[in-house]
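*Asks:* just a sequence and a predicted model for now, questions to come.
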Amino acid sequence: MSRSDVEQVRKPRRRDAQERRLKLVDAAQHEFAAHGVDASLESIAREAGVAIGTLYRHFPTRLDLLLAAFQPRLQEFLVGADRALELDDPWEGFVAYLEHLFGMQAGDRGFNDFLSRRFPGNADTERIHDQMCQQIEDVLSRAQEAGEARSDITNADIVNLIWSNGRIVDATSATAPMAWRRYLHLMLDAYRAERAHPIPEPPMTSEQLYDAMVHLSEVR
């Protein structure tokens with residue numbers, strides 16, 4: 001067989017492999033959105049029309065598939081967060097950030113799970129979560145420095161709010177899909193500086209928050 005003949009054989013194989021990968025990513029996006037990050041990989045392979053072994057050849061671990069499936073959502077999230085930071089009014093930026101974040105939570109159960117958990121040992125997910133935490137710190141500190149947000153709110157309080165919103169979304173998505181906005185704005189009133197009053201419990205430390213997010217990734 002000549003070199004050109006070999007290349008002609010390789011190209012269709014590469015195209016077939018790429019098509020299978022795209023089908024797997026599309027199926028994963030659908031299944032993760034509907035059932036969360038613990039969705040059945042067998043169901044994903046079946047929806048994509050491939051064997052489970054083919055899925056593992058393309059994505060050796062669940063995290064590999066999660067990252068491929070969530071890439072467009074992560075990009076959308078990070079871009080929206082940057083836009084919130086660019087708003088002139090620090091409080092409006094804070095509100096816009098949380099509106100954008102919670103809106104994305106409401107539309108995708110898997111993305112909600114991904115934001116709520118930590119996956120230690122994976123550099124890509126750690127980098128994404130570190131970036132998210134830095135954005136929260138930036139948007140919150142702007143509002144605090146402007147005297148708009150109470151000074152004792154921390155990153156951990158915002159992540160706890162993300163967890164709370166996730167449960168609200170789970171409970172109301174079928175009957176009142178926009179209910180989360182009411183509870184977000186009720187909490188935002190509590191975060192205003194003029195509403196501040198002493199709180200009997202200190203905020204979680206960074207270490208406690210990290211461990212709690214890891215724990216969520218271990219619970220099945």
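*Replies:* Thanks, I have it.

*Asks:* close enough to count as contact, residue 118 and residue 210?
*Replies:* Yes - counting by C-beta atoms under 8 Å, residue 118 touches residue 210, with 6.1 Å between them. For every residue, glycine as well, the C-beta is placed using N, CA and C.

*Asks:* which of the two has more neighbours?
*Replies:* Per other C-beta atoms under 10 Å, whichever of residue 118 and residue 210 has more neighbours is residue 118, with 20 against 17.

*Asks:* what's near enough to touch that one?
*Replies:* By C-beta atoms under 8 Å, 6 or more residues apart in numbering, residue 118 lies in contact with 125-126, 129, 210, 213-214, 216-217.

*Asks:* secondary structure element for it?
*Replies:* Secondary structure from DSSP states H and E places residue 118 outside every helix and strand.

*Asks:* what pLDDT does it get?
*Replies:* You'll see residue 118 listed with a pLDDT of 88.

*Asks:* quick check: closest non-adjacent residue to it.
*Replies:* Leaving aside its chain neighbours, residue 118 sits nearest to residue 213 (3.8 Å; criterion: C-beta to C-beta, 6 or more residues apart in numbering).

*Asks:* likewise for residue 106?
*Replies:* Take residue 106 and drop its neighbours on the chain: the residue closest to it by C-beta to C-beta, 6+ apart is residue 169, 4.9 Å away.

*Asks:* where's the one you found relative to residue 98, distance?
*Replies:* Using C-beta to C-beta, to the nearest Å, residue 169 is found at 14 Å from residue 98.

*Asks:* more neighbours: these two, which one.
*Replies:* It is residue 98, of residue 169 and residue 98, that has more neighbours when counted by other C-beta under 10 Å, with 23 against 19.

*Asks:* and the more buried one, how far from residue 181?
*Replies:* To residue 181, residue 98 is 10 Å away according to C-beta to C-beta.

*Asks:* do the same with residue 62
*Replies:* From residue 62 to residue 181 the distance is 32 Å (C-beta to C-beta).

*Asks:* one more: residue 159?
*Replies:* According to C-beta to C-beta, residue 159 stands 19 Å off from residue 181.

*Asks:* then residue 196?
*Replies:* Per C-beta to C-beta, residue 196 is found 23 Å from residue 181.

*Asks:* sorry, back to before: contact partners for the residue nearest to residue 118?
*Replies:* By C-beta under 8 Å, 6+ apart, the contact list for residue 213 reads 116-118, 129, 159.

*Asks:* again, only using 7 Å
*Replies:* The neighbours of residue 213, taking C-beta atoms under 7 Å, 6 or more residues apart in numbering as the test, are 116-118.

*Asks:* now residue 174
*Replies:* Contacts for residue 174 were tallied using C-beta under 7 Å, 6+ apart; there are none.

*Asks:* name the SS class of it, please.
*Replies:* Residue 174 falls in the coil class when you classify it by DSSP: H, G, I helix; E, B strand; the rest coil.

*Asks:* need the pLDDT of it.
*Replies:* 87.

*Asks:* which element follows the helix or strand of the chain with the lowest mean pLDDT toward the C-terminus?
*Replies:* Of all helical and strand segments in the chain, the minimum by mean pLDDT, DSSP states H and E falls on helix 3-35, at a mean of 79. For helix 3-35, the following helix or strand on the C-terminal side (DSSP H and E) is helix 41-48.

*Asks:* helices or strands next to that following helix in the packing?
*Replies:* In terms of contacts (3 or more C-beta pairs under 7 Å, 6 or more residues apart in numbering; DSSP states H and E), helix 41-48 is packed against helix 3-35, helix 52-58.
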